[in-house]
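> Got a predicted structure plus its sequence, pasted below:
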Amino acid sequence: MSDAAMTVGARPGARMEESPYGIQSKKLAMWLFIVADSATFGAMLFAYGYLRLANPDWTRPFAFWPAIANGLAMTVLLLTSALTMVAAVRAAQAGEKATSLTWLTVTGLLGLGFAVLHLVEWSGLVGEGWRLFQNPQGGSVLFGATFFSITGLSLLHVIAGIVAIAVVATKYRRGRLDAGHVETTGLYWQFVGLVWMFVFPLVYLMNAR
Amino acid sequence: MATRVARSRPTITAYLVVWIGLLLIVVVQVLLTYARLPAGRLLAALLVLALVQAALALFYFMNLKYERPILFWSLIPYLIFAMFMLDHVWPDALRLLHQRLPPS
């Protein structure tokens, strides 16, 4: 194997065979995490789907205004943040640090907007009497259990993503992290958006009245 | 040492087109919701559209289309297999079909 096809390891002088995937190990690790986390969300959404179809008297609490409209706004924010994250990664790969940092900031702010809208919505539902195991409308308690657990896990991922973006942007600005770290963070953020592409239709739209 | 990029990346215009496509799919999902379909058919339609969205995000925003094919073949078939097992073979999924919890 030629020198060009070898990568230099962490220890000075150590030489390792090139990855068959042609990507950095941290990026491969993120892909493996994404696949594992997809199975977690998949299990929750499948369980929810079965419960939803098996219960004809399922409570559907969401009117178009404000619940579905709010969900739409959250979706637009997250999809737009996916695009701005792409811009941040491209700029980082092109060596345009200032541009990349600007797009990372915009992405973080869009994510923050999503989280705030989500918490406002939760606050409204809790104010109406919805709990994990309580239905203020007197029907099955399953809606609260599935809604808060699925959207809670999704929100946790979004908040973790915002923190990750803030940390990576700060260290990238100081030169302690490189474009590869921005790309790996971007991969995680795109996954967060991908999860929401299933949560919004299945958990919100399926419960619209 | 940075690893080499497998294939060239698309232009920002291509990403914009994908973003608009994703938004349009959301609009179709909302319109379908208020078309008053039976729950089973609505769930199936929304799932298919969500899968199209996921594929677009996976291949373009997550750049899987521009990585080496071995990355796709190492990850996605396994994921589809795991999802299939979860949905069709996992006994708990079938048990949930018969689960009825009392009102609160």
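Good, I have the coordinates.
> I'd say A:M206 and B:G40 touch.
No. Contact criterion C-beta atoms under 8 Å: A:M206 and B:G40 do not qualify, at 10.7 Å. From N, CA and C alone the C-beta is placed, and that goes for glycine too.
> Between the two, which has more neighbouring residues?
A:M206 (20 against 10; other C-beta atoms under 10 Å in any protein chain shown).
> Make sure that one is indeed in a strand.
No. A:M206: not assigned to a strand; according to DSSP: H, G, I helix; E, B strand; the rest coil it is helix.
> gap between it and A:P56?
Distance, A:M206 to A:P56, by C-beta to C-beta, to the nearest Å: 13 Å.
> Identify the contacts common to those two.
B:A39 (C-beta atoms under 8 Å, 6 or more residues apart in numbering or on different chains).
> Quick check: neighbours shared by A:M206 and B:G40?
By C-beta under 8 Å, 6+ apart, no residue touches both A:M206 and B:G40.
> Just give me the neighbour total for B:K65.
16.
> Say whether chain B is contacted by the host helix or strand of A:I150.
Following DSSP states H and E, one finds A:I150 within helix A:142-173. Yes. Applying C-beta under 8 Å from any C-beta of the partner chain, one finds helix A:142-173 in contact with chain B at A:L142.
> And that helix, what does it pack against?
Applying 3 or more C-beta pairs under 8 Å, 6 or more residues apart in numbering or on different chains; DSSP states H and E, one finds that helix A:142-173 contacts helix A:25-54, helix A:97-127, helix A:179-199.
> most packed of those?
Among those, helix A:179-199 has the highest mean neighbour count (mean count of other C-beta atoms under 10 Å in any protein chain shown), at a mean of 24.
> contacting residues around A:G193?
Per C-beta under 8 Å, 6+ apart, neighbours of A:G193: A:78-79, A:81-82, B:57, B:61.
> Mind giving me the packing neighbours of the host helix or strand of B:A44?
Using DSSP H and E, B:A44 sits within helix B:39-56. Judged by 3+ C-beta pairs under 8 Å, 6+ apart, the packing partners of helix B:39-56 are helix A:25-54, helix A:179-199, helix B:12-33.
> Residues touching that helix, excluding its own?
A:49, A:52-53, A:56, A:194, A:197-198, A:201-202, A:205-206, B:18, B:21-22, B:25-26, B:28-29, B:32-33, B:37.
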